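Asker: Sequence first, then the predicted structure:
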Amino acid sequence: GQNIDQPTEMTATEGAIVQINCTYQTSGFNGLFWYQQHAGEAPTFLSYNVLDGLEEKGRFSSFLSRSKGYSYLLLKELQMKDSASYLCAVETNAGKSTFGDGTTLTVKP
Amino acid sequence: DGGITQSPKYLFRKEGQNVTLSCEQNLNHDAMYWYRQDPGQGLRLIYYSQIVNDFQKGDIAEGYSVSREKKESFPLTVTSAQKNPTAFYLCASKGTRSGTEAFFGQGTRLTVV
């Protein structure tokens, strides 16, 4: 089976930096995705990590440590529109993606 | 334009009735997935299909059924055996190469009254 843990809620201030953590336990790990989901909408892809290290993409960066079963999503220069749920998803070599429960981020002025 | 389409966006059904949710994609993706999302929770996998005429149960398959007769289509039937069917249902497709992201439909919000 798979177990994915993320904090339920986080709050940050506009312009600040926030780090959303994800820990996982799985067999047949293939890679890890981060998705953003606004309320009532479909998730959209943010990043993918398969090797250890940091992947940077504009204001968003994602880090992976395979040995520790740990990833984080880093959001810089927060904007109000970044208020959303952030979902960590683990892909296995069986082709399945299992999602965590998501972290609801609220950005305040 | 390529994409993945779910219909309808909102669906109301009486308790005890079966209902089928549509999912169509023209992205030429081999893999398709159905997820259920309850308020404040993440996505839970119902069924998935890696290739036409084949599909596997996900983590919460009981009370649901699917078919994959065409590459483009992966309909989900919510049967009367599903004890608590009211939820937000999301369909996704992706290429089978490792690391390709999933593309999601806009979702169907099913309410059983």
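Answerer: Nice, I can see it. Residues are numbered from 1 along each chain as shown, chains lettered A, B, ... in the order given.
Asker: ok, residues contacting the least confident helix or strand in chain A by mean pLDDT?
Answerer: Every helix and strand in chain A was compared by mean pLDDT, DSSP states H and E; the lowest is strand A:97-99, with a mean of 88. With contacts defined as CB atoms under 8 Å, 6 or more residues apart in numbering or on different chains, strand A:97-99 is touched by A:2, A:4, A:26, A:33, A:35, A:87-92, B:33, B:35, B:42-45, B:59, B:102. For glycine as for every other residue, the C-beta is placed from the backbone atoms N, C-alpha and C.
Asker: Please apply the same query to stretch A:86-96.
Answerer: Taking CB under 8 Å, 6+ apart as the rule, stretch A:86-96 contacts A:2, A:4, A:6, A:20, A:22, A:24, A:26-37, A:43, A:46, A:71, A:73, A:97-100, A:102-103, A:105, B:31, B:42-43, B:45, B:48, B:50, B:58, B:96, B:98-99.
Asker: and if you look at stretch B:95-106?
Answerer: So stretch B:95-106 is in contact with A:30-31, A:33, A:41-45, A:48, A:50, A:91, A:93, A:95, A:97, B:3-6, B:9, B:23, B:25, B:27, B:29-31, B:33, B:50, B:90-94, going by CB under 8 Å, 6+ apart.
Asker: Centroid-nearest residue for chain B?
Answerer: residue B:34 (2.9 Å; CA atoms, centre = their mean).
Asker: tell me the contacts of the residue lying closest to residue B:20 once chain neighbours are set aside?
Answerer: Nearest-residue entry for residue B:20: residue B:77, 4.7 Å, with adjacent residues in sequence omitted and distances by CB to CB, 6 or more residues apart in numbering or on different chains. The neighbourhood of residue B:77, defined by CB under 8 Å, 6+ apart, consists of B:18, B:19, B:20, B:21, B:64, B:65, B:66.
Asker: which ones are touching residue 22?
Answerer: Let's take chain A. A:4, A:5, A:6, A:32, A:34, A:70, A:71, A:72, A:73, A:88, A:100.
Asker: wrong one, chain B
Answerer: By CB under 8 Å, 6+ apart, the contact list for residue B:22 reads B:5, B:6, B:7, B:8, B:73, B:75.
Asker: Is the fourth one in contact with residue B:110, as I believe?
Answerer: In this case it means residue B:8. No. If you go by CB atoms under 8 Å, residue B:8 and residue B:110 don't touch, sitting 9.4 Å apart.
Asker: what does the average pLDDT come to for stretch A:17-32?
Answerer: For stretch A:17-32, mean pLDDT is 94.
Asker: List the buried residues of it.
Answerer: Within stretch A:17-32, the residues that count as buried by 16 or more other CB atoms under 10 Å in any protein chain shown are A:18, A:20, A:22, A:23, A:24, A:26, A:29, A:30, A:31, A:32.
Asker: taking these one by one, which sit in helices?
Answerer: Nothing among those maps onto helices, per DSSP state H.
Asker: biggest separation within those, which pair?
Answerer: Greatest spatial distance in those: A:18 and A:30, 27.0 Å, computed using CB to CB.
Asker: Going through the contacts of stretch B:95-106, which ones are buried?
Answerer: The neighbour count (16+ other CB under 10 Å) marks A:30-31, A:33, A:42-43, A:45, A:48, A:91, A:95, A:97, B:4, B:6, B:23, B:25, B:29-31, B:33, B:50, B:90-94 as buried among those.
Asker: Having no further points to raise, I will conclude here.
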